[in-house]
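3D, please:
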Amino acid sequence: MIKLSNVTYAYPDGAVVLNGIDLHIATGKKVAILGCNGSGKTTFALLLNGIHQAFSGEIKIDGLDPSDPINNAALKSKVGLVFQNPDNQLVSTTVEREVAFTLENLNVRHPELKDRVDEILHFFGLYELRGRLTAELSGGEKQKTALAAVMVADPKILILDEPGSYLDETGKKMMNQALNHLIEKSPDLTVLRITQYSYVTEDYKRLIVFHNGLILADDTPARIFKNHDLCRTAGINIPLPYRIRSKRDFPKDEPIGSPIDMKKNSKGKSIVLDSVSFAYDSHDNPLLFQNLSLSVGNDKIYGIVGPSGSGKSTLIQIMAGLLKPLSGSAKYEGFKPKPGDLVISFQHPERQFFLETVEKEIRFGAENLALQNIDKIAEECYSLVGLSKDRFALRDPFTLSGGEKRRLAFADILSLQPSFIFFDEPTCGLDAAGIALFKRMVHRLRAKGIGIFIVSHYGDIIFALADEIIPMTDGKISAFYSREDFFQNFDYSGFLSVPEMVQYQKKSFGRIKYFSESELAAGIAGKENRPPRTSLDLF
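This next block holds a predicted model:
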């Protein structure tokens, strides 16, 4: 049982994150928690786990008070927390040691410890990686390791803070299977699933919506998503079927930059990989790429997709010149890259921060390259990423929420005035407003003739933005696909989430007829306005 009574929490800079929270969650319940960036969701989880202590009010977890040192220690074996960023909780050198570390802290002895570690490693498909350094894992492999390390302890309360952020679809299915297995084994297990994505809440009977440190709603997902005004206030996305039925907030297509403007600003730049081979350690590891060749230009938005560990992040780092091939070459045609021309927005944005304030971070790139009109560049960056200069300029980057950090990471690279941008899992941590802003930003960048690459497991962002899609498997690229060809004919079920538009159309029409919400809206309106069928329609 979880009970919060008038709980308040504020960070050292004085920002109140939770303000007078009252909440009761019974033992054995599955509850989803939704809210925009900075609404207090993660702080709530850290209070339950005992990492943060409430400024005021009372918290009871199975009768234990996290503010009491003895109770806090006891709660560590009861409350399992999986962070959104797995790097925030991986502490051991190898995968096996990371999972075993949890049980060692609980004083589990051999041979039980070994049996439980082996079982969970097999379950998450990590057994072959048991000796791999955690620092060498892909984002998805790290996330699975973090999940395994928490689930192996059989916690009484499991808090999942965006646990699928870096997982491909296979990884998400494994996670859900493991969760169901835990629930079957322990019917009294309480599950709190924190998410930015409305579709994740469909399997939950209770949904709690946080907004500005308050609980704005506590009801079933269906009732909450039917309340469009509430969802708009909370800044959460209303699933497509609810928008269609209500005919409000539909369609939601983002404005696309004019192709004429794009061609006027484009100068025909391209990146060519010629027979590239690569391994992270040529002595111990097999080749990740072998004789890989491709040619991409700055006139399109490319979606790079594939299973975790297939080489997506490595590919963009080679194209950007951060990694050097063992053989073959990366060539640049139509331009000679200078500092700032080829930039990457990494999966974990905080790895790009090193200055004291947001303002210094945004200005640093332009100042370091001695660009002209730095004030104007900085203002444009604030605008592009949707951060208010008045509100954020003097903030410490490391005190920002996950979504705010992501936006700042975008601004950091945009200040370099690049020719090509590589986004690696750009929507992780972004709320509905942040994702909509990212779409608008990409369209504006494309209209300027900037080449865009998006690495993602999130099908909706690939469906909405990509002109061409590049699937990768085991370091290989078989072909480039148009968006239409890919989503109609390619089996992406193992690594990419099914876009809302695809799900709705397959359920409603049995096939994909429309590739934008405006087209879908027009098609539905046309069908509704069509005269009733008569017997003559059969001939």
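
Please make it C-alpha for all contacts and neighbour counts, starting now.
Will do.

how near is the spatially most central residue of the chain to Gln347?
For the chain, Cys428 is the residue whose C-alpha lies nearest the centre (C-alpha atoms, centre = their mean; 2.0 Å). Distance, Cys428 to Gln347, by C-alpha to C-alpha, to the nearest Å: 8 Å.

Now name the helix or strand holding the closest residue to Val385 other than its chain neighbours.
Once flanking residues are discounted, Val385 sits nearest to Arg407: 5.4 Å by C-alpha to C-alpha, 6 or more residues apart in numbering. Assigned by DSSP states H and E, Arg407 falls within helix 402-414.

Check the offset of that helix from the chain's centre.
Relative to its parent chain, helix 402-414 has a centroid offset of 13 Å by C-alpha atoms, centre = their mean, to the nearest Å.

so what does it touch, helix or strand wise?
On a contact count with 3 or more C-alpha pairs under 8 Å, 6 or more residues apart in numbering; DSSP states H and E, helix 402-414 meets strand 342-345, helix 358-368, helix 374-385.

got the CA positions of that helix in PDB?
Output in PDB follows, covering the C-alpha atoms of helix 402-414 (Å, rounded to 0.1, in the frame of the first residue of the first chain):
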ATOM      1  CA  GLY A 402      14.600  15.000 -19.000                       C
ATOM      2  CA  GLY A 403      12.500  16.700 -21.800                       C
ATOM      3  CA  GLU A 404      14.000  20.100 -21.100                       C
ATOM      4  CA  LYS A 405      17.500  18.600 -21.300                       C
ATOM      5  CA  ARG A 406      16.600  17.100 -24.600                       C
ATOM      6  CA  ARG A 407      15.500  20.500 -26.000                       C
ATOM      7  CA  LEU A 408      18.700  22.100 -24.700                       C
ATOM      8  CA  ALA A 409      20.800  19.400 -26.400                       C
ATOM      9  CA  PHE A 410      19.000  20.300 -29.700                       C
ATOM     10  CA  ALA A 411      19.800  24.000 -29.100                       C
ATOM     11  CA  ASP A 412      23.500  23.300 -28.400                       C
ATOM     12  CA  ILE A 413      24.000  21.700 -31.800                       C
ATOM     13  CA  LEU A 414      21.800  24.100 -33.700                       C
END
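
Please identify the buried residues of it?
Using 16 or more other C-alpha atoms under 10 Å as the test for burial, helix 402-414 gives 402-414.

Equivalent analysis for stretch 134-153, please.
Quick answer for stretch 134-153 (16+ other C-alpha under 10 Å): 134, 137-153.

The residue nearest to the centre of the chain - nearest residue in space that isn't next to it in sequence?
In space, Cys428 is closest to Ser165, 5.6 Å off (C-alpha to C-alpha, 6+ apart).

Let's verify the one you found: helix, strand, or coil?
When classified by DSSP: H, G, I helix; E, B strand; the rest coil, Ser165 comes out as coil.

Can you list phi and psi of it for me?
Per-residue torsions, Ser165: phi -50, psi -40 (degrees, to the nearest 10).

what sits against it?
By C-alpha atoms under 8 Å, 6 or more residues apart in numbering, the contact set of Ser165 is Gln84, Cys428, Gly429.

shouldn't the last one be in contact with Gly403?
Same thing as Gly429. Yes. Judged on C-alpha atoms under 8 Å, Gly429 makes contact with Gly403 at a distance of 4.7 Å.

Show me whatever sits in contact with both of these two.
In contact with both Gly429 and Gly403: Asn37, using C-alpha under 8 Å, 6+ apart.

neighbours around the closest residue to Arg363 other than its chain neighbours, how many?
Closest residue in space to Arg363, ignoring its immediate chain neighbours: Ala378 at 6.0 Å, by C-alpha to C-alpha, 6+ apart. By the criterion of other C-alpha atoms under 10 Å, Ala378 has 24 neighbours.

pretty sure Leu216 is in a helix, no?
No. Applying three-state DSSP, one finds Leu216 to be strand, outside a helix.

Now stretch 57-73 - C-alpha only, PDB.
These are the backbone C-alpha positions of stretch 57-73, laid out as PDB (Å, rounded to 0.1, in the frame of the first residue of the first chain):
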ATOM      1  CA  GLY A  57       3.800  15.800   4.500                       C
ATOM      2  CA  GLU A  58       3.900  12.100   5.100                       C
ATOM      3  CA  ILE A  59       4.700   9.100   2.900                       C
ATOM      4  CA  LYS A  60       4.000   5.500   3.900                       C
ATOM      5  CA  ILE A  61       5.100   2.500   1.800                       C
ATOM      6  CA  ASP A  62       3.700  -0.700   3.300                       C
ATOM      7  CA  GLY A  63       3.600   1.100   6.600                       C
ATOM      8  CA  LEU A  64       7.300   2.200   6.300                       C
ATOM      9  CA  ASP A  65       8.300   5.900   6.300                       C
ATOM     10  CA  PRO A  66      11.100   6.600   3.700                       C
ATOM     11  CA  SER A  67      12.300   9.600   5.700                       C
ATOM     12  CA  ASP A  68      13.300   7.200   8.600                       C
ATOM     13  CA  PRO A  69      16.900   5.800   7.900                       C
ATOM     14  CA  ILE A  70      16.000   2.300   9.100                       C
ATOM     15  CA  ASN A  71      12.700   2.200   7.200                       C
ATOM     16  CA  ASN A  72      14.500   3.700   4.100                       C
ATOM     17  CA  ALA A  73      17.000   0.800   4.100                       C
END
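
residues in contact with that stretch?
Residues outside stretch 57-73 that contact it (C-alpha under 8 Å, 6+ apart) are 1-8, 20, 47-50, 53-54, 75.

And for stretch 410-423?
298, 316, 320, 340-346, 361-366, 369, 377-378, 381-382, 384-385, 449-455.

Show me which positions of stretch 423-442 end up buried.
Quick answer for stretch 423-442 (16+ other C-alpha under 10 Å): 423-432, 434-442.

do you know how far Thr170 is from Lys527?
For Thr170, the distance to Lys527 - C-alpha to C-alpha - is 37 Å.

Compare neighbour counts for those two and give me the winner.
The residue with more neighbours, out of Thr170 and Lys527, is Thr170; 18 against 11, by other C-alpha under 10 Å.

quick one: what helix or strand has the more buried one in it?
Judged by DSSP H and E, Thr170 forms part of helix 169-185.
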